[in-house]
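> model the following, please.
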Amino acid sequence: MPGRIRIERHGPRAEIVVDHPERRNAITSNMWRSLTEAALELQAQLGRSRVAARIRDLNGRLRNGLATMRGITLQTPIDPALAAGIVCFEVEGLRPAEAVARLRARRIVASESPYAVSYARVSAGIMVQDDEVERTLREIRALLPAA
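Residues are numbered from 1 along each chain as shown. This next block holds a predicted model:
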């Protein structure tokens, strides 16, 4: 049976499911197209404003949490009117590449900003759960030297 992509609703949560068990959920080119269609359908079901509000809320939690940590310099403005879906920061004593590598080793998705002056960065999209934001903040805090 060819693989398929489907949307499952669980109360207030929705999931886009990859269903291709006979191929260990490998995604075919047709499934990639279906994945894009499912993502757009889910956004239409939820409403663009709800999706944007959720992303704003999650990234606001990241900014606010980082802003309270000694040894972290938040580079993204705390004001939601001036911020977007990417949160840039510095970890005292670590180069951005080192902070990113340590976060990835802890299974946190992070990257470096691709500019002359680089920062570590994280982002919370619509698919991120509340506990994942808290875990990300805990793992960033764990990068700091013990006081």
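
> mind listing what the nearest residue to residue 86 once chain neighbours are set aside touches?
Spatial nearest neighbour of residue 86, chain neighbours left out: residue 123 (4.8 Å); criterion: CB to CB, 6 or more residues apart in numbering. Where you see a C-beta, it was placed from the backbone N, CA and C, and this is true even at glycine. Going by CB atoms under 8 Å, 6 or more residues apart in numbering, residue 123 touches 59, 85, 86, 87, 109.

> wait, which of these is closest to residue 49?
residue 85 (14.8 Å; CB to CB).

> what about that closest one, distance to residue 133?
13 Å (CB to CB, to the nearest Å).

> and if you look at residue 27?
Applying CB to CB to residue 27 and residue 133 gives a distance of 27 Å.

> between those two, who's got more neighbours?
Just comparing residue 27 and residue 133: by other CB atoms under 10 Å the higher neighbour count belongs to residue 133, 19 against 14.

> residues touching the more buried one, list them.
With CB under 8 Å, 6+ apart, residue 133 has these contacts: 58, 61, 62, 65, 124.

> what subset of those residues is buried?
By neighbour count, with 16 or more other CB atoms under 10 Å, the contacts of residue 133 hold 58, 61, 62, 65, 124 as buried.

> returning to that earlier point: touching both of residue 85 and residue 133, which residues are there?
Contacts common to residue 85 and residue 133, judged by CB under 8 Å, 6+ apart, are residue 124.

> about what we covered before: least confident pick among the contacts of residue 123?
The lowest pLDDT within these belongs to residue 85, with 90.

> skipping adjacent residues, who's closest to the residue most central in space within the chain in space?
By CA atoms, centre = their mean, the mean C-alpha position of the chain lies nearest to residue 124, the distance being 3.0 Å. Closest residue to residue 124 apart from its sequence neighbours, by CB to CB, 6+ apart: residue 58 at 3.6 Å.

> surely that neighbour forms part of a strand?
No. Residue 58: not assigned to a strand; according to DSSP: H, G, I helix; E, B strand; the rest coil it is helix.

> wait, it touches residue 127, no?
No. Residue 58 is not in contact with residue 127 according to CB atoms under 8 Å; the separation is 10.0 Å.
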